[in-house]
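Colleague: Output the structure for:
(one chain, ligands or ions: 2)
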Amino acid sequence: MSVDLDEITRIREDADCLADGATVAAALERMAAEITAQMAGSNPLVYVVMNGGLILAGQILPRLPFPLEVAYLHATRYGHALKGNQLDWRMRPTQDLRGRTVLVLDDILDEGHTLQAILEYLKAEGPKEVRSAVLTHKLHDRKAYPGMRADFTGLDVADRFLFGCGMDYKGYWRNAPGIYAVKGL
Ligand SMILES: O=P(O)(O)OC[C@H]1O[C@H](OP(=O)(O)OP(=O)(O)O)[C@H](O)[C@@H]1O
Ligand code: HPA
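Modeller: Ligands and ions are numbered 1, 2, ... in the order given. Sure, this is the predicted structure:
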């Protein structure tokens, strides 16, 4: 599939910045302190949800000053689309989770179907506990179940189509350093 790089460039230029890099960094500091207060000493296995969780993982793991292991899983529901679909598991967890404390890291809890399916899968593997952390929580009432929230959240964000800090627009701008909303969406 060919990509219109002019469109991709224009999307970045026209976007509304909802949180700049400094705001994201402050949210990461706060979230890291909360995770540390609750999970230091639990020897967690931290699962990065690829691809979106990559940036959160890279930024928050160095802020966690306690022993932990890192692994990844890959599940996608949007692909390059702007609307979610069926969850496509591309890489399931391979580690032995029995008796482990697990922490899942992702960029966004939008409708929550992705996180719900991942948590269900992990819980069925016999861990002691499974917790979740997301950089952003989108504010709307279309969650997988009412009141759904991750255990740790960086920032609550508006109900718009976002990119940056791991979130993509048609596969692009995961690398944008803040959180941006596509103009008109
Ligand atoms: O709460 P939901 O509505 O289920 O959406 C959240 C999920 O959507 C995005 O993943 P995506 O499917 O776009 O794959 P990606 O991580 O490769 O971008 C994001 O990284 C979350 O995993
Ligand atoms: O707003 C979003 N932006 C990018 N990826 C997403 N996945 C779920 N919601 C979003």
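
Colleague: Give me every residue in the chain that's in contact range of ligand 2.
Modeller: If contacts are counted using C-beta under 6 Å from any ligand atom, the residues of the chain sitting beside ligand 2 are 78, 108, 110, 161-163, 167-168. For every residue, glycine as well, the C-beta is placed using N, CA and C.

Colleague: Adding secondary structure and distance to Pro177, write the residues you listed out as CSV.
Modeller: Written out in CSV, the entries for those read as follows (DSSP: H, G, I helix; E, B strand; the rest coil; distance: C-beta to C-beta, whole Å):
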residue, secondary structure, distance to Pro177
Tyr78, coil, 22
Ile108, strand, 16
Asp110, coil, 21
Phe161, coil, 18
Leu162, strand, 14
Phe163, strand, 11
Met167, strand, 12
Asp168, coil, 14
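
Colleague: Sketch out the low-pLDDT regions of this structure for me.
Modeller: In the predicted model of the chain, residues 1 satisfy pLDDT under 70.

Colleague: all strands of it, in order?
Modeller: Counting by DSSP state E, the chain has these strands, from start to end: 16-19, 45-50, 69-76, 88-91, 101-109, 129-138, 152-157, 162-163, 179-181.
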